[in-house]
Structures are given as C-alpha cells and as structure tokens.
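K.L.:
Sequence first, then the predicted structure, then my questions.
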Amino acid sequence: MAALTDDEQGPVSGRHARVPAQPAAEELARARVSFLHAEPVQPGVVREPILASWSRSQSWQVPVDHFELPYADDLDPESLLTRAAQPVLRDVADQFATEPVSVILCDAGGVVLERRSGDSTLDRHLDRVFLAPGFSYAERYVGTNGIGSALEGGGPTQVFGHEHYVDNLENLACAGVPVRHPVTGRVFGVVDITCWRSNAGAMMAAAVAAIAHRIEESLLEHSGRREHSLMQDYLRACRRNRGAVFALGEDLLMMNDRARELFDPGDQTPLLAEAAEALGSGRARQLMVDLPSGLTVRVQCRPSFSEGGVSGGVLQVHAVPRIGPAERDGAGPVLAPALPTAVGSGALWNRCGQAVDRHFRSREWLILEGEPGAGKATLARAAHRNRTPAAHLRVLDADGYGPQWISEVAGELGNGAGTLVLAHVDRLPADGVAALVDTLEPFRESTDADRPWVAATVTRGGRRRGADLTDLLSCFPRTVEVPPLRHHIEDVAELVPHLLARLGRGATLSCSAEVMRVLTRNRWPGNVEQLYQVLRKVVAKRRSGVVELADLPPECRSTTRRVLTPLEAIECDAIIDALVYTDGNKLEAARHLGTSRATIYRKIREYGISVPDPGTERTAVRGG
C-alpha cells in the first residue's frame, strides 16, 4: 500500500477517509510498546485517531496479550440490518471470491453478524482471533480495530498492522464504516473489510464506503414496507384465488374464510411451521405437507420480501390426493448444476450459472441483471437447453416493442410449458411496463407446475426515466447478478476459441500466445459482446491460420500490463465511476474516492485507464 505524504492528507468531506501515511512497521511497533509502558511516543509516528483509540482502550483496561470477548448465541438472522445487507454481502463476496479479503457485518454493539471470505487461510486466522459471528469487536473489548473504532468515532476508520491495540492482530489491516439508517441517521452497525497487512490497498476505504452505501440503500427499501408488502400480497392473493390463503409474519397471522373452513387449529400448527421454514429460505417454494387429520396439501409459499432472508409471506393452500414419498420428493437423479452451453468455467461465472440453473429447476421467475453484453440472455437460454432441450423456447426483445409485442407475450404465457425470455425490459416505455405487468400477473400467481418459466433481463443502470419498474420487478421473486467479463477474465481463454469457431463456420482459426495475452489483459467494457465484435473484425480479415497481433483492431491493443485480480477489477471500476462522475477531473475524483491525487494518477497509469479532458464527453475507457 502506497504511503501518502503529509501534504496529501487534506480534509475529506463525506464518509470517505484518505489512506493515512504509514511509518515503518518497526517504528510503529516501538511506538506502541512505548505507549503501553507509559513512555513518551515519538511525535508523528502514530496518527492522532489511533493514539486517541489507544488511550480509550487503556482506560477500558483491555488486555493486550489475550482476548476476553463476550459471545452472543442469540443472533437474529432476520434483523432488519441482516436482511438488508445479505444481498449486498453475497454480491461483494462473489466479487472477492478469489481474494484474501473478508467482508464483515456487525451490529451497533460490534457483535459480528456475518463474515464472508473465500480464503481459508485468512478465515482460520480470523477464527483464532475470534473475529467470527457472535463475538463482539467493540473497542471496549478488543481495543483499537476497524470495527470498534469506527463505532466509537462515528466515521470511517482504518487500522493497519501494529496500530491494533491487542497482540495477534498486527498481521491484519482493516477498514470499517458505520452503517446508518438512511432516514433516522441512527447507527445500525458497521461493515468492515479485513485482509492481511501486506495486501492492504490504497482503495480499501473507498471500497468499504461503497459497500456501506449499498447497505444503506437496501435499508431504505426495507424500512416500513414489511407489513405493507405482506398485506398487499395477501389481499391480491385473496382476490385471485378461491382457495385457502394465509399471510404469515413475525407477529402476524391472517387467513381467509376458506382457510378457516378447511383447517382446524390442529392442522394449522404443522402447516404454518413448515411454511415458515420455507419462507425463511428467501425464495418461492412449493411444499407437500401431510397434516394430522390425514389431509395432504400443496402449499405455494411466496415471500413478500425476499432480500436477505424472509420474515413473512403469503401461503396458497390446496388439498390434493395423498401421494407417495418418492413422488413427493421428486425422486430421480440430481443433475449437475453446471450450464455446459454457457461457455466459461471461472468461479464467478460458474456460480452465476448454478444460481440460474437452480431457479430454472424450481420454476422461479427470474430477473437477470448486469452490464450490456455480459451474457444475461445467454444464461437463460443455457439453463433451458441444459434441462429441457426439446421444450419450447422463445426470446422476445423489448427493443422490438410495438402494438403486437404484449400480445406475443400473452400468447407465449398461454401456451403453457416452455421458457420465455424477455430481454431488455428496462427499455420499455411506461405504458409498455404497465401492460406487461397486467399480462404477467395472472400467471405469476399460478400454482400450475406446467406454467412457463419466465426470465427477464435488465441492464444495470439502464432504466428509462419515467418508466418505474417496481411493479414489474415484483412479478419476479428472484434476481441474479450477471458479472461483467472483466470480473471473470480467465474465461476469455475459453470464449475466444468458441467464438472463432462460430464465426469461422468450420474454418480452422486460432490465436497466437501473444494475441491471447493481449485479449486476456483487456478490460472489455462492452463485455462478451465487445469481444465477439472484435473477433468478427479479425475473421473478416483472416479466415484461417493463426491470428497475430497485426490482425487485431486498434481498440483492443491498449491493455493493462497484467491480468487484474477481481479485487483490482472492482477498484478499477470505482476509479472509472469517479472519473465519469467528475467529468474526468482527476483531483475531484481523488477527493470523491477519499484518496490522494498521486495515488489516483498511479492507478490510472497502472490500469491503463483513458481519461477525457474535464468538461468534455463523460466517458472513461477501461484499458482499451
């Protein structure tokens, strides 16, 4: 991590904190020992916020050589903070899957609620220092650290190596940011990024601040809407269903007259118990439940709010003839979750494919969201072809919206089984969105096992002004984020020969090692579609043989000097977003990110980012 000079440490507005200048580890370690022995600390060696935290830790009599942490065994997995943060943490954990980085969520008391990391060595070390769910990392128990000190200071905090108060934390670096309720401003908790001290990067503060902001946005979406969502879903189900309907919440139970007639209290208890467990999974499910009265029922469980866990939802219950256990459990071989027709085997892409396949098998309607050209529709088609290759598949692109488009959607839904992919629904005009919602509604509530599977694609950040998608998105209980190509760049090695074979129509065409190096180091802002267009230009010039550097079009020759890790790719994206936001003004972008001008200049050169002059077109290019 680059050290900043004192003249680069200007004031920072907002939540971002600049990366502090760091003395040599030995010098800082000596200063810590001097402080602990009540000896003078050399001026300028220890940052003022760290000295203040050390003093607080000493006044609390925090042990220096061991841990004495309280443990909470009653964590609430359905708390508002946990539910709001879980989808954000899942997304961030996927992006950091191959990095020695841990993302940690704590409550307002510093108790660890969740810890997500893809690095087993780091996980084992964090277990040894009790930085694990249930333990409190409040400053009064652990002394100076990124979690407790952020809560005490009420703002962003970074702690590196020997700045930690307690022994055995000197190999770690952490950056924490309080998570505040977006309406009341009350501190709900803290989100923290922890890594090895040697891996600490200049953008840790900006990265964790961005995560905290996303959690706060999710909190805003959740606040005050739980009971309202449950009531609206219940009333809608009662209007459209003549059978038994229940609404089940944490402290709420409603049922219509038909439910009271069919089920006595003895049957209601096991029915609601199984349904509550299903709703807790956070996704729509269909259950078969044997009741004490001898009745067997089919229960369609639909969460009223599914992000980050579920505390309530609507149950539609139908009595059915008793069936055998083998049929009930859907006995048969479990198919592999991979999608062979979606080219790529990188961890992030494969995990995304598994999620789409899982929702296809459960017939849950699905939103696929991602950047243009990332492969959203490809994943939907691949799930269909992998599981039901002989079944009907139709793709309707909203770019072709017109008088007959909604009629075609209705016709596909009415035909029953099969797969319907609705591409680019965010490009629909407002009246088109409303018409599509009206068309989908009768079918999304259906419990018919033969109803078509519907997947819709949405371009991240591409929603039209004036076209509110809230009602449309509510028709789809699940959303899968499709990663950009730069976040699974290792898949370029598989995509290139696949695309060349498709474009070459039987001709033998391959790439030289140098060309593959260039292609795997490109940032591909247009994702797989951009790679396809580049190779299409190559094939137009060379129909067979070996592709050399001279065959590549100019736009893909500017690259980073090496393949970026997922963490570096995310850091690069943050810099580009800041440059776009500030019209290419590097100084303003540095302030926005909470880093120095020297650091952002170095990162721009390192990542090969092309920057427009301030005041010109608002674009920035990711390394070609």
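P.N.:
Received the coordinates, thanks. Residues are numbered from 1 along each chain as shown.
K.L.:
dump the residue contacts of the residue lying closest to Leu169 once chain neighbours are set aside.
P.N.:
Nearest residue to Leu169, sequence neighbours excluded (Cβ to Cβ, 6 or more residues apart in numbering): Val129, at 6.2 Å. In short, each C-beta sits where N, CA and C put it, glycine included. Contacts for Val129 (Cβ atoms under 8 Å, 6 or more residues apart in numbering) come out as 67, 168-169, 172.
K.L.:
same thing with Gly344?
P.N.:
Gly344 makes contacts with 350, 353, 488, 491, 494-495, as judged by Cβ under 8 Å, 6+ apart.
K.L.:
Repeat that for Leu519.
P.N.:
492, 496, 511, 531, 556.
K.L.:
got it, and Val245?
P.N.:
Val245 sits next to 234, 237-238, 255-256, 258-259, 314-317 when contact means Cβ under 8 Å, 6+ apart.
K.L.:
repeat for Ile193
P.N.:
Contacts of Ile193 by Cβ under 8 Å, 6+ apart are 101-104, 146, 174-176, 204, 207-208, 211.
K.L.:
Out of those residues, which comes closest to Phe160?
P.N.:
Cys174 (8.1 Å; Cβ to Cβ).
K.L.:
Distance of the closest one relative to Asp91?
P.N.:
20 Å (Cβ to Cβ, to the nearest Å).
K.L.:
neighbour-wise, which of the two wins?
P.N.:
Of the pair Cys174 and Asp91, Cys174 is the one with more neighbours under other Cβ atoms under 10 Å, namely 28 against 14.
K.L.:
wouldn't Leu69 be in contact with Val142 here?
P.N.:
Yes. Counting by Cβ atoms under 8 Å, Val142 is a contact partner of Leu69 at 6.8 Å.
K.L.:
who's more crowded, these two?
P.N.:
Val142 (28 against 18).
K.L.:
Give the residues shared as contacts by Leu69 and Val142.
P.N.:
Ser136.
K.L.:
quick revisit: quick one, which of the contacts of Ile193 has the minimum pLDDT?
P.N.:
Across the contacts of Ile193, no position has a lower pLDDT than Met204, which has 84.
K.L.:
ok, it - contacts?
P.N.:
So, once contact is read as Cβ under 8 Å, 6+ apart, Met204 ends up touching 19, 158, 173, 175, 193, 195.
K.L.:
what's the answer for Val62, then?
P.N.:
By Cβ under 8 Å, 6+ apart, the residues touching Val62 are 139-143, 165-166.
K.L.:
one more time with 10 Å, if that's ok
P.N.:
By Cβ atoms under 10 Å, 6 or more residues apart in numbering, the contact list for Val62 reads 54, 56, 68, 139-144, 148, 165-166.
K.L.:
Show the backbone phi and psi for the spatially most central residue of the chain.
P.N.:
The residue lying closest to the centre of the chain (Cα atoms, centre = their mean) is Asp91, at 1.8 Å. Main-chain torsions, Asp91, degrees, to the nearest 10: phi -60, psi -50.
K.L.:
how about the helices of the stretch 501-624 of the chain, start to end?
P.N.:
513-521, 527-541, 566-581, 586-593, 597-607 (DSSP state H, counting those that start in this stretch).
K.L.:
and the ones you listed, which one's lowest on average pLDDT?
P.N.:
Averaging pLDDT over each of the helices of the stretch 501-624 of the chain puts helix 566-581 lowest, since it has a mean of 76.
K.L.:
for that one, packing partners?
P.N.:
If contacts are counted by 3 or more Cβ pairs under 10 Å, 6 or more residues apart in numbering; DSSP states H and E, helix 566-581 sits against helix 80-95, helix 204-222, helix 586-593, helix 597-607.
K.L.:
Report the buried residues of the shortest one.
P.N.:
Read that as helix 586-593. Buried residues in helix 586-593, counted by 16 or more other Cβ atoms under 10 Å: 586, 588-593.
K.L.:
Equivalent analysis for the last one, please.
P.N.:
Of the residues in helix 597-607, 597, 599-600, 603-604, 606-607 count as buried by neighbour count, 16+ other Cβ under 10 Å.
K.L.:
same thing with the first one?
P.N.:
For helix 80-95, the neighbour count (16+ other Cβ under 10 Å) marks 80-90, 92-95 as buried.
K.L.:
what lines up beside the helix or strand just after it in the sheet?
P.N.:
Proceeding N to C from helix 80-95, the next assigned helix or strand is strand 101-107, under DSSP states H and E. Within its sheet, strand 101-107 is paired with strand 112-117 (antiparallel), strand 187-196 (antiparallel), according to DSSP bridges.
K.L.:
orientation of strand 101-107 relative to helix 80-95 in degrees?
P.N.:
If you take axes from the mean of the first three to the mean of the last three Cα atoms, to 10 degrees, strand 101-107 sits at 180 degrees to helix 80-95.
K.L.:
re the thing from before, closest to Asp551 out of the contacts of Met204?
P.N.:
Comparing the contacts of Met204 against Asp551 with Cβ to Cβ picks out Cys195 as the nearest, at 40.8 Å.
K.L.:
what pairs with Gln158 across the strands?
P.N.:
Beta bridges link Gln158 to Ala175 when assigned by DSSP bridges.
K.L.:
quick revisit: same list (the buried residues of helix 597-607) but as JSON lines, adding distance to Ala244.
P.N.:
What follows is the buried residues of helix 597-607, written out as JSON lines (distance: Cβ to Cβ, whole Å):
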{"residue": "Arg597", "distance to Ala244": "65"}
{"residue": "Thr599", "distance to Ala244": "62"}
{"residue": "Ile600", "distance to Ala244": "61"}
{"residue": "Lys603", "distance to Ala244": "59"}
{"residue": "Ile604", "distance to Ala244": "62"}
{"residue": "Glu606", "distance to Ala244": "62"}
{"residue": "Tyr607", "distance to Ala244": "58"}
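K.L.:
okay, among the residues you listed, which ones form the most distant pair?
P.N.:
Arg597 and Tyr607 (16.0 Å).
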